[in-house]
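Asker: how would this look folded up:
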Amino acid sequence: MTTTTAHPPLTVFSEDEQLFRDAVAAFANDEVRSRVQAMERASKLDPELLPKYFDLGLMGIEVPEQYGGAGGTLAMVAIAVEEISKVDASAAIVCDVQNTLVNYPLSRYGSDDQRSRYLPRLVGDTIGAYALSEPSSGSDAFGLATRAEKKGDGYLLTGRKMWITNGAEAQVYIVFANANPTAGYKGITAFIVERGFPGFAVGKKEDKLGIRASSTTELILDGCEVPEENMLGPLGQGYKIAIETLNEGRIGIGAQMIGVAAGALGAALDYTRERKQFGKALSDFQAVQFQLAQAATELEAARLMVYNAARLKDAGHDIAREGAMAKLYSSQVCERVTSLCVELLGGYGYTKDYPVEKFYRDAKIGTIYEGTSNMQLQTIAKLLLR
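Answerer: This next block holds a predicted model:
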């Protein structure tokens, strides 16, 4: 079954953004679509696909041109993630994490030396990952137990990290550890850790419900030796770096969710036009039309929230509230839309012969990672009542 996307979005794009959107959509359809099922079965991204991301410039969208990046915007990151997610959420998240959770904090808080050493690699051929969560520290991200002990000209990091997206493929990790536990969250510090550092290892790979081709692993830090020059930002400023980075990251997740919903809705539109019952197409029944119309309306509302937040961030505004709202609502809409699409396809929707069951499974993660829906509600409420 050939899957199309839903009606072109009402979101206003500049000419350059539209050209970029078309290029990413072509990449997703030409390079990603044919690999989706094999990657899903293997629970692994096709290694031949990853270099194509770098060739197209998708792994350094916001990175300044002096480091080999495109010098683009967060809105362009959202465009890329949405378009790829219409085909495969796993293929989109590798790009999202690279741009929002790895390149962004390096560009924003890295020293001149750190930017010169790492950004060209991350733009050119190196996958990155972001390591904040731990086995006993999820929503309470700043109760983390990983410690950073000063020793000589560097630090020894000891602890375990969990739920690390891109963990299997990454060579560079942004890792958060507490260098002064008596100071509580004010002791949290960010470090740039390379896979080859002594004491570092990638642990178990999770077997997941959705985004199965995206690697999710644990990291083991057993006295991991990190040079002092690899501290990212000032000592004790990891809390601030983590919060600001996640604000940007939530826009990427919002873009992933609207892409997943659009992919599912496109498949459902195709099916309802083709499927005949009681002598006419499903799409001729008013009940089906109204359900599709409601889904398309909610999807467009979510899309506008995501791009509004992205453009506010690009304009230099704080987006803690807008980012949380966009992530919360887009993940809720994605669950509703993908569930509806499974129902519209009936028994076929419950099989792997059609793409909607995968879109449905991929939707759930949006309410969990980079802050659960309850945490988004807490953030929104706190900022409203401040």
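Asker: got the residue ranges for the strands in the stretch 201-350 of the chain?
Answerer: Remark: strands assigned in the stretch 201-350 of the chain by DSSP state E, counting those that start in this stretch are 216-227, 231-232, 276-277, 280-281.
Asker: Out of the ones you listed, indicate the one that is most buried.
Answerer: strand 231-232 (a mean of 22; mean count of other Cβ atoms under 10 Å). Quick note: C-beta positions are derived from backbone N, CA and C, even for glycine.
Asker: so where is the stretch 51-200 of the chain shaky, pLDDT-wise?
Answerer: Within the stretch 51-200 of the chain, no range satisfies pLDDT under 70.
Asker: just the helices in it please.
Answerer: Assigned by DSSP state H, counting those that start in this stretch, the helices in the stretch 51-200 of the chain fall at 74-85, 89-97, 104-109, 112-124.
Asker: I'd like to know which elements the third one is packed against.
Answerer: Judged by 3 or more Cβ pairs under 8 Å, 6 or more residues apart in numbering; DSSP states H and E, the packing partners of helix 104-109 are helix 112-124, strand 188-194, strand 231-232, helix 238-274.
Asker: Take these and lay them out in TSV including distance to residue 281.
Answerer: Output for the helices and strands packed on helix 104-109, formatted as TSV (distance: least, Cβ to Cβ, whole Å):
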stretch	distance to residue 281
helix 112-124	48
strand 188-194	55
strand 231-232	56
helix 238-274	6
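Asker: Minimum distance to residue 215: which of those has it?
Answerer: Of all the helices and strands packed on helix 104-109, helix 238-274 sits nearest to residue 215, with 15.9 Å by Cβ to Cβ.
Asker: Return the distance of the closest one from the chain's centre.
Answerer: Mean-position distance between helix 238-274 and its chain equals 8 Å (Cα atoms, centre = their mean, to the nearest Å).
Asker: again, but for stretch 368-380
Answerer: How far stretch 368-380 lies from its chain's middle: 15 Å, per Cα atoms, centre = their mean.
Asker: Contacts for it next, please.
Answerer: Residues outside stretch 368-380 that contact it (Cβ atoms under 8 Å, 6 or more residues apart in numbering) are 139, 163, 165, 246, 249-250, 252-253, 320-321, 324-325, 327-328, 331-332, 367.
Asker: same thing with stretch 348-367?
Answerer: Contacts for stretch 348-367 (Cβ under 8 Å, 6+ apart): 1, 3, 36-37, 40, 89-90, 208-211, 253, 256-257, 260-261, 263-264, 267-268, 271, 327, 330-332, 334-335, 337-339, 341-343, 345, 373.
Asker: Among these, name the buried ones.
Answerer: Neighbour counting by 16 or more other Cβ atoms under 10 Å classes 3, 36, 40, 89-90, 208, 210-211, 253, 256-257, 260-261, 263-264, 267-268, 271, 327, 330-332, 334-335, 337-339, 341-342, 345, 373 among those as buried.
Asker: so what are the domain limits for this structure?
Answerer: Domain assignment for the chain by automatic domain parsing gives 15-127, 129-236, 240-385.
Asker: didn't residue 251 look like it was pressed against residue 306?
Answerer: Yes. With contacts counted by Cβ atoms under 8 Å, residue 251 reaches residue 306, the gap being 6.2 Å.
Asker: Mind listing the shared neighbours of the two?
Answerer: With Cβ under 8 Å, 6+ apart, residue 251 and residue 306 have common neighbours 78, 326.
Asker: And the contacts of stretch 200-218?
Answerer: With Cβ under 8 Å, 6+ apart as the criterion, stretch 200-218 contacts 36, 39-40, 42-45, 88-91, 93-94, 135, 160-169, 193-195, 219-222, 224, 358, 361-365.
Asker: Ok, stretch 328-342 next?
Answerer: Contacting residues not belonging to stretch 328-342 are listed as 253-255, 257-258, 260-261, 264-265, 267-268, 291, 295, 298-299, 301-303, 305-306, 349-350, 356-357, 359-360, 362-364, 366-367, 373, 376-377, 380 [Cβ under 8 Å, 6+ apart].
Asker: Just the buried residues of those residues.
Answerer: The buried subset of the contacts of stretch 328-342 (16+ other Cβ under 10 Å) comprises 253-255, 257-258, 260-261, 264-265, 267-268, 291, 295, 298-299, 302-303, 305-306, 349, 356-357, 359-360, 362-364, 366-367, 373, 376, 380.
Asker: one step back: distance to residue 185 added to the helices of the stretch 51-200 of the chain, as a markdown table?
Answerer: Output for the helices of the stretch 51-200 of the chain, formatted as a markdown table (distance: least, Cβ to Cβ, whole Å):
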| stretch | distance to residue 185 |
| --- | --- |
| helix 74-85 | 26 |
| helix 89-97 | 23 |
| helix 104-109 | 17 |
| helix 112-124 | 23 |
